[in-house]
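>>> From the sequence below, what's the structure:
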Amino acid sequence: MATRRAILRGAVGLAGLAASGVRARAEDYKPVRCEARRAYSGPPLHTPVAWGTVGAVPERPLPSREAARLDEAFARIKTLTSAPALTAAVARPGGGVWYRTETQSTRPRLWWASVGKTFTAVVVLQLAQEGKLSLDAPVSRWVRGVPNGDVVSLRDLLAHASGLFSANEDRVVRAHPAYRDPETLLAIARRHGAMFCPGERWRYSNTGYDVLGEIVKRADGQTIDRAITSRIIAPLGLASMRALLPGKSPADVAPAVAIAGATVDPGWAGAAGPVASDARDMVTAWAALLEGRLVRQPLLEAMTSALYPMFDPGTFYGLGIMVFDVPDGKSTLRWIGHAGGAPGVSALAAYSRADEAIVAVALTGGGSAIAAANLLMKSLGTAGRRR
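I've put the predicted structure just below:
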C-alpha cells in the first residue's frame, strides 16, 4: 500500500526536478567554446526503447470493476496528499478511459509544467516531418546568439544535450521569479556561457526549449501556443486542453499551492511548460502520440533511441520524452512519458506496456504525481504486468 510519505515524496524521486532542474553555480563549470560536437562522456546511456504497436483507446468507460478500483485509489490519493486540486485519468488501448477531477469549478484546468515539453517536441518533430526544418541543423540557422550555436543542433536542444545554461538556475532569476521573454532568457544563458560542448554530457535546460519555441515561430509562422493548438489540440478535439500564451496568467487554471516558498506562474514557463488541461484530455493526447497519429513511426522511435541518464537512478531523457525504470518488488517496470514539477505543482503522463495503460496525474500542493500514478497503476491489478 502506498504510504503518505511515498505519495508526498514520489515513487522515483522526481517531484519538482523535472521543471526546475538542478541549480548550477558559477564554480560548477568554466564556460566553453566549441568548434565541433564531442563524443558523449557521461554515465552509460540507456539502451534504445522501442514503442511497438499501441492500439487505439475506444471512447467508452473502463469496465466497472476496474473503474471501482481506480475510484478507490483516487480517493486514497486525495486523502494522502490533501491536494487542493487533483486530476487523474487512466486509458487502456482496446479497453476505455477512466478519469476524475476535483478542483474549483471556475478553475477546471491544471498546469502540467514540464509535461508540456513533449508537446513542444511533437511540434518540432512534425515540422521536421514536413521538411520545414532539420533536427540536425545548427541552431544558428534559426536563432542567433546561442552559445556554440554553430555546432548545437535542434536535436541537442530537444534532448538537453546542448550545454546551454538554463536561465531559471541564475541566482537573480531565482530571487525574482517572473516572466522573461526568450530573448532575455537567452541573454542570461549567454552571460553564463556554455556548460559543455554539444553531445558531451546531459543537463536539463528550460532555456533550450525556449529557443525551440522561437524556432517553431520562425519555421511555422506561429507562436508555440498557436502551433500546439492548431497541430495537436484542435485536430484531437481536446476541449479542456489549452496551450498557454507565454507571459500570460490564465484565470481558469488551478493555482499552485506550495508547502513553503514562492510558487511559479504557469505563464512564465513559455515553451518549456506550455500546457494546461484536465487528465482526460492529457491521456487522449498521449494515446494519439502512441498510436502514431501525431508523429509517424520513424520519428516516434527516434524519441527514445538515445536516452541520457537524468538526475535520479532509473530516469532517462530522449527527444522531449522520458523513460522511467520503475522498481516493482524484485522486477522493474518501464514507463515512457514525461514528468513535470514546480513549487506547488506535480504532474506526470506515462505509458506502461506491462500494465497496458496510459496514466496521467496532475495535482497542486506537496504531493507527488509519480507516486499517485504508481498507485493508480497498481490498482489495475497484476494480470497484465509483463516485460
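>>> for the protein, which strand is longest?
strand 331-342 (DSSP state E).
>>> Quick one: list the elements packing against it.
Other elements packing on strand 331-342 under the criterion 3 or more Cβ pairs under 8 Å, 6 or more residues apart in numbering; DSSP states H and E are helix 17-20, helix 117-129, strand 322-328, strand 345-352, helix 369-379. For every residue, glycine as well, the C-beta is placed using N, CA and C.
>>> With respect to Thr47, which of those lies nearest?
strand 322-328 (9.9 Å; Cβ to Cβ).
>>> what about Ala362, which SS state?
Here Ala362 is recorded as strand under DSSP: H, G, I helix; E, B strand; the rest coil.
>>> quick revisit: out of the helices and strands packed on strand 331-342, which comes closest to Phe74?
Comparing the helices and strands packed on strand 331-342 under Cβ to Cβ, the one sitting nearest is helix 369-379, at 7.4 Å.
>>> Compute the inter-axis angle for the closest one and strand 331-342.
Calculated by axes from the mean of the first three to the mean of the last three Cα atoms, to 10 degrees, helix 369-379 forms an angle of 140 degrees with strand 331-342.
>>> So what's the gap between helix 369-379 and the chain middle?
With Cα atoms, centre = their mean, to the nearest Å as the basis, helix 369-379 stands 17 Å off its chain's centre.
>>> How about stretch 194-207?
For stretch 194-207, the distance to the chain centre is 18 Å (Cα atoms, centre = their mean).
>>> Check stretch 94-110 too.
With Cα atoms, centre = their mean, you get 19 Å for stretch 94-110.
>>> mind listing what's buried in that stretch?
For stretch 94-110, a neighbour-count test (16 or more other Cβ atoms under 10 Å) marks Gly95, Gly96, Val97, Trp98, Tyr99, Arg100, Thr101, Thr103, Arg107, Pro108, Arg109, Leu110 as buried.
>>> same deal with stretch 304-319?
Result for stretch 304-319 [16+ other Cβ under 10 Å]: buried residues 304, 306-311, 314-319.
>>> for stretch 356-365, same thing?
Buried residues in stretch 356-365 (16+ other Cβ under 10 Å): Glu356, Ala357, Ile358, Val359, Ala360, Val361, Ala362, Leu363, Thr364, Gly365.
>>> any idea of the mean pLDDT in it?
Across stretch 356-365, the average pLDDT comes to 97.
>>> How about stretch 143-156?
98.
>>> Need the contact partners of that stretch.
31-37, 124, 128, 133-140, 142, 161-165, 186-187, 189-190, 193-194, 197-199, 208, 211-212, 214-215, 218, 319 (Cβ atoms under 8 Å, 6 or more residues apart in numbering).
>>> Keeping just the C-alphas, turn the helix or strand containing Ile215 into CSV.
In this assignment (DSSP states H and E), Ile215 forms part of helix 206-220. Written as CSV, here are the backbone C-alpha positions of helix 206-220 (Å, rounded to 0.1, in the frame of the first residue of the first chain):
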residue,chain,number,x,y,z
ASN,A,206,14.4,25.1,-19.9
THR,A,207,16.1,27.8,-22.0
GLY,A,208,16.8,25.2,-24.7
TYR,A,209,13.1,24.7,-25.0
ASP,A,210,12.5,28.5,-25.1
VAL,A,211,14.9,28.5,-28.1
LEU,A,212,12.9,25.7,-29.7
GLY,A,213,9.8,27.8,-29.2
GLU,A,214,11.5,30.6,-31.2
ILE,A,215,12.5,28.2,-33.9
VAL,A,216,8.9,27.0,-34.2
LYS,A,217,7.7,30.6,-34.6
ARG,A,218,10.2,31.1,-37.5
ALA,A,219,9.7,27.8,-39.2
ASP,A,220,5.9,27.6,-38.8
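>>> next SSE after it?
From helix 206-220 onward toward the C-terminus, using DSSP H and E, the following helix or strand is helix 224-228.
>>> So Leu236 is in contact with Met282, correct?
No: the pair Leu236 and Met282 fails to qualify as a contact (Cβ atoms under 8 Å) at a distance of 11.0 Å.
>>> number of nearby residues for Ala269?
Counted with other Cβ atoms under 10 Å, the neighbours of Ala269 add up to 28.
>>> if I look at it, how far off is Ser114?
8 Å (Cβ to Cβ, to the nearest Å).
>>> So which residue is dead centre in this protein?
Val115 (2.5 Å; Cα atoms, centre = their mean).
>>> What backbone torsions are found at that residue?
The phi and psi values for Val115, taken as degrees, to the nearest 10, are phi -60, psi -30.
>>> Just the buried residues of the longest helix anywhere in the chain, please?
In the chain, taking DSSP state H as the definition, the longest helix is helix 64-81. Residues of helix 64-81 classed as buried: Glu66, Ala67, Arg69, Leu70, Ala73, Phe74, Arg76, Ile77, Lys78, Leu80, Thr81 (neighbour count, 16+ other Cβ under 10 Å).
>>> Can you give me the distance of the fifth one to Thr79?
Distance from Ala73 to Thr79, counting by Cβ to Cβ: 11 Å.
>>> contacting residues around Thr87?
Thr87 neighbours (Cβ under 8 Å, 6+ apart): 99-103, 110, 278-280, 360-363.
>>> That one pairs with what?
Beta-bridge partners recorded for Thr87 (DSSP bridges): Thr101, Ala362.
>>> For the longest helix of the chain, what is the distance to the chain centroid?
On Cα atoms, centre = their mean, the centre of helix 64-81 falls 24 Å from that of its chain.
>>> can you tell me the average pLDDT over that helix?
For helix 64-81, the mean pLDDT works out to 97.
>>> One more: stretch 256-274?
Averaging pLDDT along stretch 256-274 gives 88.
>>> how long is that stretch from one end to the other?
15 Å (Cα to Cα, to the nearest Å).
>>> where does the stretch 1-150 of the chain dip in pLDDT?
Residues of the stretch 1-150 of the chain meeting the criterion pLDDT under 70: 1-28.
>>> do that again at 50, thanks
Counting by pLDDT under 50, the stretch 1-150 of the chain shows low-confidence ranges at 1-2, 4, 8-22, 26.
>>> which one of the helices and strands packed on strand 331-342 lies closest to Ala50?
Shortest distance between Ala50 and the helices and strands packed on strand 331-342, using Cβ to Cβ, is found for strand 322-328: 11.2 Å.
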